[in-house]
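Engineer: Structure for this input, please:
(chains A, B, C, D, E and F)
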Protein chains: 6
Amino acid sequence: MRIDGRKNNQIRPVKIIRDYTKYAEGSVFIEVGDTKVLCNASIEDKVPPFLKGKGEGWITCEYNMLPRSTEVRKVRDISRLKIDGRTMEIQRLIGRALRSVVDLKLIGEKTIWVDCDVIQADGGTRTTAINGAFIAIVDAINKIHKERPFKVYPIRNFLTAVSVGIFEGEKILDLCYKEDCKANVDMNVVMTEDGEFVEIQGTGEENPFSRKDLDELLHLAEKGSKQMINIQKDILKMDCLWIGTGK
Amino acid sequence: MRIDGRKNNQIRPVKIIRDYTKYAEGSVFIEVGDTKVLCNASIEDKVPPFLKGKGEGWITCEYNMLPRSTEVRKVRDISRLKIDGRTMEIQRLIGRALRSVVDLKLIGEKTIWVDCDVIQADGGTRTTAINGAFIAIVDAINKIHKERPFKVYPIRNFLTAVSVGIFEGEKILDLCYKEDCKANVDMNVVMTEDGEFVEIQGTGEENPFSRKDLDELLHLAEKGSKQMINIQKDILKMDCLWIGTGK
Amino acid sequence: MRIDGRKNNQIRPVKIIRDYTKYAEGSVFIEVGDTKVLCNASIEDKVPPFLKGKGEGWITCEYNMLPRSTEVRKVRDISRLKIDGRTMEIQRLIGRALRSVVDLKLIGEKTIWVDCDVIQADGGTRTTAINGAFIAIVDAINKIHKERPFKVYPIRNFLTAVSVGIFEGEKILDLCYKEDCKANVDMNVVMTEDGEFVEIQGTGEENPFSRKDLDELLHLAEKGSKQMINIQKDILKMDCLWIGTGK
Amino acid sequence: MRIDGRKNNQIRPVKIIRDYTKYAEGSVFIEVGDTKVLCNASIEDKVPPFLKGKGEGWITCEYNMLPRSTEVRKVRDISRLKIDGRTMEIQRLIGRALRSVVDLKLIGEKTIWVDCDVIQADGGTRTTAINGAFIAIVDAINKIHKERPFKVYPIRNFLTAVSVGIFEGEKILDLCYKEDCKANVDMNVVMTEDGEFVEIQGTGEENPFSRKDLDELLHLAEKGSKQMINIQKDILKMDCLWIGTGK
Amino acid sequence: MRIDGRKNNQIRPVKIIRDYTKYAEGSVFIEVGDTKVLCNASIEDKVPPFLKGKGEGWITCEYNMLPRSTEVRKVRDISRLKIDGRTMEIQRLIGRALRSVVDLKLIGEKTIWVDCDVIQADGGTRTTAINGAFIAIVDAINKIHKERPFKVYPIRNFLTAVSVGIFEGEKILDLCYKEDCKANVDMNVVMTEDGEFVEIQGTGEENPFSRKDLDELLHLAEKGSKQMINIQKDILKMDCLWIGTGK
Amino acid sequence: MRIDGRKNNQIRPVKIIRDYTKYAEGSVFIEVGDTKVLCNASIEDKVPPFLKGKGEGWITCEYNMLPRSTEVRKVRDISRLKIDGRTMEIQRLIGRALRSVVDLKLIGEKTIWVDCDVIQADGGTRTTAINGAFIAIVDAINKIHKERPFKVYPIRNFLTAVSVGIFEGEKILDLCYKEDCKANVDMNVVMTEDGEFVEIQGTGEENPFSRKDLDELLHLAEKGSKQMINIQKDILKMDCLWIGTGK
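Structural biologist: All right, here's what the predicted structure looks like:
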């Protein structure tokens, strides 16, 4: 049994609030265990310079931890005039993940800004951010869709992210912070509903891992991904019917 | 009657959640109307250089608006490598206000960091931040007090902040955003329970105001301050009994 | 009697030199006691992005202390890559104050940059900067007016700023540094010739103040403001005849 | 056949020059096809703050592309005052990879700085940097070892990195730039001589990939890794005999 | 005859005010023609890290132009977050020049900060800054000397700087801005009273110059330097008697 | 005899590789003794704002030392968020030098970016950079010339740079680092083939120098310049025939 009583293949309780703030086109507050992230999707009617005039859209993410989202207060980036390397790494991952399931050619010259602000961190903030941001993207795109329907609905697939790792010899799913900081292997897996991989990032900085370990971890990730997709469908209800229909 | 149906001398509904996050020594989520601010007080066992070795403590504030706390997405400070002038002005005000009711000599060589992160902005974020931060400070200081009681309890007084202004000729209390951006005069008043002023900041950039206007506005501020102190006492219950006792 | 021999309701000797430098459209060197500030007003034929195409003008201020304007050498902002919070607060105050007496719609799409560089600081630098900057603005606007007269002269009123405070129990006017750093209450009051308030900023960080104190301080501020307006009229002579005429 | 005539499972020609510059403790110039990276390892007799007093060492990497290492001149980071997100991501990957094969407790309170400066980029700069940096680390550690032998030699294993991807339906090894920018899947795999994984980063931003694709890509990566280890052994000759002996 | 009526070998009128501000240990306001620079020397009781514990002192310079010291308003460095290249070049020149005539081993572990702030620029700001800063250094060192006499007086020599150039075929001394911006050759020469060179910086970016031109320019510089030394002696009176005595 | 066996009037062995990298329009790797600099010239089809619409081109330089080009690892500028003053001074010198021999009106609205990255530093990096950059500029301009011949070939003259100095009483040419850091006088001289001076920068920070010293140093510089021009002609062969022909 795990620190918090879960089974190895069990994700933490998930709570999702949609329309959490009133201005953002998509606004999701997501809790996975004690990890809490506010994911706001904002639509802007322009694109970055490298896309100007191409008729395509863009999705970009900014990830940030509030100073006291962690055990020890974290100095704000602006006080050091530098973005944290870890922050950069995470926001690039989230951006790539979200772009993978949206057909950017279909959304026109718009940028969707996704702000993931971590209110409380207890492991798995990047996967939680992806799971929440996906719902926020759906809400933001539906807001456009309801006003001026897309010819083809641009979201191609469901998107989930889970962490897996090896902790005291056991392969476990959805690590909390206490597990994460002692895990030998730490892997984040972003998947679609079809069970395909959008991104795999596995690191065994202190303990390289075998092919067999990898296979078992990916198997566990697939299980977690299915649990998360069910939760997404539950919360989105009728609002996810267009996803992947190509209509 | 006002935009949102209130009377001129009425503050908006207030909702305060204590212990909102699990790491901060004091953690308060405060809503005043649609303005929502997370106020976390963190205790650090050192002081800024100018106080080293003097045996005194310090309280400092960092104020920040999340990018989509506003109608139009606000670019993060770190993207521009500069803190907003308005942000600076506000966090200095909050810091001064909080220090005014705490006897810093009594808390020893500690710094209390107060992070006020605006989740949703609808006018009055600086006054809301002060009202929430005061509760967070009380909780943080009580946490110390319960472990190792102070010889003399360091909080000297209750602290509240309210905004008042002149909108379409009427003097009104606690302006929401729609009122605030059209107000002729905009004034923030920070007071103690004794009805004394800690800070008055009034500006009539587009319409200078008379001595009579000022008197009426301050009168309104006093009323609002009393309403807010009652709310603070309600939410703090037994935890505010030491305030101002000097014991 | 005060440290420097003044009465409580007396401002320090004021010396103003117009046309101090040769390039600025308005260039004023102002001394109030030992506080010395160079105030240059520069006219630029464009406006900030938020005003483009609206046909209105803008006034903005940058305040800065030279490194050795103070007792202890102050590190330049560029060495720390950050503007001081106090500097931000002051330059925003000066900008608001100046905009309050100029009808920006009348000056067309121009920006007036006001640079207030403190050469020597001995208390009251922000009020001194406002008093000097007002003269510089008048000179800059007159320079335009003489070349291509405005249909309606855009300066609506005289503008002054004075500091008042409570020092060893006495209410005093125009505090020098030694008084300022020990004052219980510190208040800056920006007024027009009509005796209306443009900005009131009063802080009792270490000693909250009563309504009665406030009334007495404002009374003193009104007296100081009148003294300062007389000085402005003396120095401007014929050049201030259009102010407030609406012609 | 591939763009440059290689087979799918073939890496590009590799050229490694040791002792390339005269000051660095380990200095390697590595060419893989047209990708050229200078990898300098520098030893510093102190550790970052979080390790002070723990008796352990640290390895950290800084990756940088010279402005004209690419087709279009890249603006220097310092001109934008920001490190590129991609640069951050890569230097963190290299750092983790190198730390995974060195027992940091054995090297004492030293930091090894690894500077990877890309002279010319033609795909695979991060894997090339890891392969070159590993040799530089060996040389730097041997320099210490020859002067004052470690009780236990701190390098535990060989380390290689290869890229694999799917290009026009084919799984291919060690992508050059023309392949890389059109690849559907892009994966970087860092491995030890034992065939264990240190890091797997695979992304299918535009085309998610199946479990079967993954298996084939990893198989290809294993082949590439073996080719690279042979090259490392060839170039290091006698200087790699201690690796992994634990003596 | 020159634009302003001077002869080719004549410097502009010089006006020097000592003790211009009240806090700096040496404070000089210098005008050369319409160029006006405030030079403040501040003494700090510590040295930069590279000198710690060596018993030596240091002199460093910061040069800055006020925004409206020039025809067109110059954006402040802090607004661009970068020091101007030209500013850097000039302040390094001034620092080297001043250090050349002071025996830093004799002044002990102190840093003399020299702030040269240009109030109005009309050509020759760097030479004017050096001439003013030299007087400020003398005053600052004499302030120490009077309190606690040095065993050996640390200023070894007088120091002057002049500009020379070729303008419309004529070699001229001490160029004003109108001459400077059309000059073919621009040279700054820093000299001691003995006629030795401390620094020569000559540039013929648009028109390379011959050896003969150089000889004539240096001859002119020597003349200008002598004129300037006489002015320095006049203004310093008895306060320069120790210079170069080695007592 | 000198530290490395050279005569006083002898430059170090020079090695120049053209077309060193494949993307830059001009790419030169130059070694002078143990100083190694990569000089890349890149052509961009736009000019800085101050030249827009004037039909002229521009040449600008960025100089940078790789972190371990020096004995002690140098922290990257981006880590300190500041460009080194010395770096600024050098890149401005290189830019001026290169512009002096190119007729910018003839190259049209193009910018030539010259990146000088020091791979290994052993004295004379700025002169080596100028010598290498000149060849890179020739190659870049010839690349344009071969595609679309200039009506008038824009390079007016050969350009060389040498350092001279006084070391242990001897005047010497082309100082290596050990000589440079103990030299009494340090002078960099940039010349054309005609023996005219483009830039002279001589500093005697610790030992001012006489007119006679200067004459001897310049004489030595002329000798060094001739040696360097012969090397340039050797390496450029037929590619330098147009220089200075004005055709």
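Engineer: For the residue in chain A that chain E sits nearest to, give me its contacts.
Structural biologist: Of all residues in chain A, the one sitting closest to chain E is A:L81 (8.7 Å; C-beta to the nearest C-beta). All C-beta atoms are positioned from the backbone trio N, CA, C, and that covers glycine. By C-beta atoms under 8 Å, 6 or more residues apart in numbering or on different chains, A:L81 lies in contact with B:I78, B:L81, C:L81, C:K82, D:L81, F:L81.
Engineer: which ones are touching the spatially most central residue of chain A?
Structural biologist: In chain A, the residue lying closest to the centroid (C-alpha atoms, centre = their mean) is A:I130, at 0.7 Å. Neighbouring residues of A:I130 by C-beta under 8 Å, 6+ apart: A:L93, A:I94, A:A97, A:L98, A:L159, A:T160, A:A161, A:V190.
Engineer: So which of those belong to helices?
Structural biologist: A:L93, A:I94, A:A97, A:L98 (DSSP state H).
Engineer: What residues of the longest helix belonging to chain A count as buried?
Structural biologist: Across chain A, the longest stretch assigned as helix under DSSP H is helix A:211-236. Neighbour counts over helix A:211-236 (16 or more other C-beta atoms under 10 Å in any protein chain shown) mark A:213-214, A:217-218, A:220-225, A:227-229, A:231-232, A:235-236 as buried.
Engineer: distance of the residue of chain A most remote from its centre from A:E109?
Structural biologist: Largest separation from the mean C-alpha position in chain A: A:G53, at 29.3 Å (C-alpha atoms, centre = their mean). Separation of A:G53 from A:E109 (C-beta to C-beta, to the nearest Å) stands at 8 Å.
Engineer: so what's the nearest residue to A:A97 once chain neighbours are set aside bridging to?
Structural biologist: Nearest non-adjacent residue to A:A97, counting by C-beta to C-beta, 6 or more residues apart in numbering or on different chains: A:V190, 4.6 Å away. For A:V190, the beta-bridge partners under DSSP bridges are A:A161, A:E199.
Engineer: and A:V190, how many neighbours?
Structural biologist: By other C-beta atoms under 10 Å in any protein chain shown, 31 other residues sit near A:V190.
Engineer: how close does it get to A:L104?
Structural biologist: The separation that A:V190 has from A:L104, given C-beta to C-beta, amounts to 17 Å.
Engineer: again, but for A:G124
Structural biologist: The value you get for A:G124 to A:L104, if C-beta to C-beta is used, is 27 Å.
Engineer: quick one: which of the two has more around it?
Structural biologist: The residue with more neighbours, out of A:G124 and A:L104, is A:G124; 26 against 20, by other C-beta under 10 Å.
Engineer: The more buried one against A:D174, yeah?
Structural biologist: Yes: A:G124 is in contact with A:D174 according to C-beta atoms under 8 Å; the separation is 6.0 Å.
Engineer: Look up the residues that both of these two are in contact with.
Structural biologist: Shared contacts of A:G124 and A:D174, counting by C-beta under 8 Å, 6+ apart, come down to A:V32, A:G33, A:S163.
Engineer: Please, a PyMOL command that selects the buried ones among these?
Structural biologist: Selection of buried members from these for PyMOL, criterion 16+ other C-beta under 10 Å:
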select buried, chain A and resi 32+33+163
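Engineer: Tell me the one of the shared contacts of A:G124 and A:D174 nearest chain F?
Structural biologist: For the shared contacts of A:G124 and A:D174, the nearest to chain F is A:S163 (31.0 Å; C-beta to the nearest C-beta).
Engineer: Is that closest one in contact with A:M187, as I believe?
Structural biologist: Yes: between A:S163 and A:M187 there is a contact at 6.7 Å, judged by C-beta under 8 Å.
Engineer: now the shared contacts of A:G124 and A:D174 in TSV, with pLDDT?
Structural biologist: As requested, these are exported to TSV (pLDDT from 0 to 100):
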residue	pLDDT
A:V32	98
A:G33	98
A:S163	98
